[in-house]
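Q: Need a 3D model of the following:
(chains A and B)
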Amino acid sequence: MTGNLLYNNLQLYLFIALFLLGCGLLGVIYRRTLIGMLISMELIMNGAGLNLVALNSFSAQGNAYGIAFTLFIMGIAAAEAAIALGIIIAVFRRFGHIEGGEIKEMKG
Amino acid sequence: MTPGEWIFIGVITATMAGTLAAVLSGSLIYAMFGLVTAMFGMAGIYIYLNAPFLAMMQILIYVGAISILIAFAIMLAGPMYRRPKEWTTLAKFAAALAVALVSLLLLLKVVIGATHNASEAKPLVVTTQELGRIFLDRLTLPFELVSLLIVVSIIGAIMLALFSKGEK
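A: As a prediction, this is how the structure comes out:
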C-alpha cells in the first residue's frame, strides 16, 4: 500500500459520504411520498456507515470497531425499513394516499 | 493509473450516479433501482477499504432485504396513476437544495482538514473471525440489543399492518 494511490486517500471517502448525506437531505426535504423519503433516509445511513469504515481503516488501525458499528447501522436500517413499511401500509389504508404533506389529521 | 484505480473510479461513479437517480428520479421504482446501484457501488468501496465481509453484508442486507421491502411498499401503495407526482414546486426544490448545500458547506471544512498517517502503517484486513470475536466479546450488549430491536420492529410492523383502521 503506497501512499499515493487514488483509493488510498481518506478525504475521497469522506467526500463520498458527504455527497450521500447531502443527496439524502435533499431527498428527505423535497420528496412528496413517504417511500421517497425512506429511500433518502437509507442514503443518509449509508453515508454514516461509510464514514465509520473509512475512518476506521485509515486512522484507527488495529481494531475493527468501525466495521462492527457499521454492521449495527445496517441492522438498525433494516428495522427502520420494516417499521416504515408498516407505517406506509397503515397510512395508505387510512388516507388512501402516501403523500407526506397531505397527512394532516394529527397536525394540531 | 493502475487498473485498480480505474475500477475504483468506476465504483465511485456508479455510487454517485445511483445516488442521484435515487434522489432525483420522478418515478419511485427508478429511485429504488438507483438505490440498488448505489448500494452495489458502496459494496465495492467497502472492498477497497479492506472490509470484504462488510461488502457482502451490504449486498445481502441492502440489496437483498431493504430494496425488496421498498419494492413491496411501492407495490402496496396503490396504483401508479393515483400517486402524486414526485416533483414538487420549484420553490420547495430550491429550499431543499439550499438546506443541503449549506449543510455540505458546513461539513466541508471538517473533511478538508481531515488528515491521516496511513503511509507507513500496514493495511488492516479484518477477518470474520476477528469481527465475531469483537461482537461476542466486547460488544455483546449492543449485539443483543440490536437483535431485540429487530424482533420488536418486525412484530411492530406486523401489528401496524394487521390492525390499522381502514378508510375513515
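Q: Please enumerate the helices of chain B.
A: Assigned by DSSP state H, the helices in chain B fall at B:3-24, B:28-48, B:52-58, B:67-76, B:90-112, B:128-137, B:140-163.
Q: Turn the ones you listed into a markdown table, columns for mean pLDDT, mean neighbour count and distance to A:Gly62.
A: Every residue, glycine included, has its C-beta placed from N, CA and C. A markdown table is the format used below for these (pLDDT from 0 to 100; neighbours: other CB atoms under 10 Å in any protein chain shown; distance: least, CB to CB, whole Å):
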| stretch | mean pLDDT | mean neighbour count | distance to A:Gly62 |
| --- | --- | --- | --- |
| helix B:3-24 | 92 | 18 | 24 |
| helix B:28-48 | 93 | 22 | 19 |
| helix B:52-58 | 91 | 20 | 17 |
| helix B:67-76 | 89 | 17 | 34 |
| helix B:90-112 | 85 | 13 | 24 |
| helix B:128-137 | 87 | 13 | 11 |
| helix B:140-163 | 91 | 14 | 20 |
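Q: Looking at those helices, spot the one closest to A:Thr33.
A: Proximity to A:Thr33 (CB to CB) singles out helix B:28-48 among the helices of chain B, at 6.6 Å.
Q: circling back: for A:Ala68, find the nearest of the helices of chain B.
A: helix B:128-137 (5.1 Å).
Q: Which strands and helices lie in contact with that closest one?
A: With contacts defined as 3 or more CB pairs under 8 Å, 6 or more residues apart in numbering or on different chains; DSSP states H and E, helix B:128-137 has these neighbours: helix A:65-95.
Q: Okay, domains of chain B per the record?
A: B:1-104, B:127-168 (automatic domain parsing).
Q: Show me the contact partners of stretch A:24-31.
A: A:36-37, A:39-44, A:47, A:100, B:22-23, B:86, B:88, B:92-93, B:95-97, B:99-100, B:103 (CB atoms under 8 Å, 6 or more residues apart in numbering or on different chains).
Q: now that stretch: mean pLDDT?
A: Stretch A:24-31 carries an average pLDDT of 89.
Q: Could you pull out the buried residues of that stretch?
A: Neighbour counts over stretch A:24-31 (16 or more other CB atoms under 10 Å in any protein chain shown) mark A:Gly24, A:Leu25, A:Leu26, A:Gly27, A:Val28, A:Ile29, A:Tyr30, A:Arg31 as buried.
Q: Need the three-state assignment for the fourth one.
A: Going back to what we said before, that points to A:Gly27. Applying DSSP: H, G, I helix; E, B strand; the rest coil to A:Gly27 yields a three-state assignment of helix.
Q: can you tell me how far it sits from B:Ala96?
A: To B:Ala96, A:Gly27 is 8 Å away according to CB to CB, to the nearest Å.
Q: Likewise for the second one?
A: Counting by CB to CB, the gap between A:Leu25 and B:Ala96 amounts to 8 Å.
Q: dump the residue contacts of the closest residue to B:Gly44 other than its chain neighbours.
A: Closest residue to B:Gly44 apart from its sequence neighbours, by CB to CB, 6 or more residues apart in numbering or on different chains: B:Val11 at 3.6 Å. By CB under 8 Å, 6+ apart, the contact list for B:Val11 reads B:Gly41, B:Gly44, B:Ile45, B:Tyr48.
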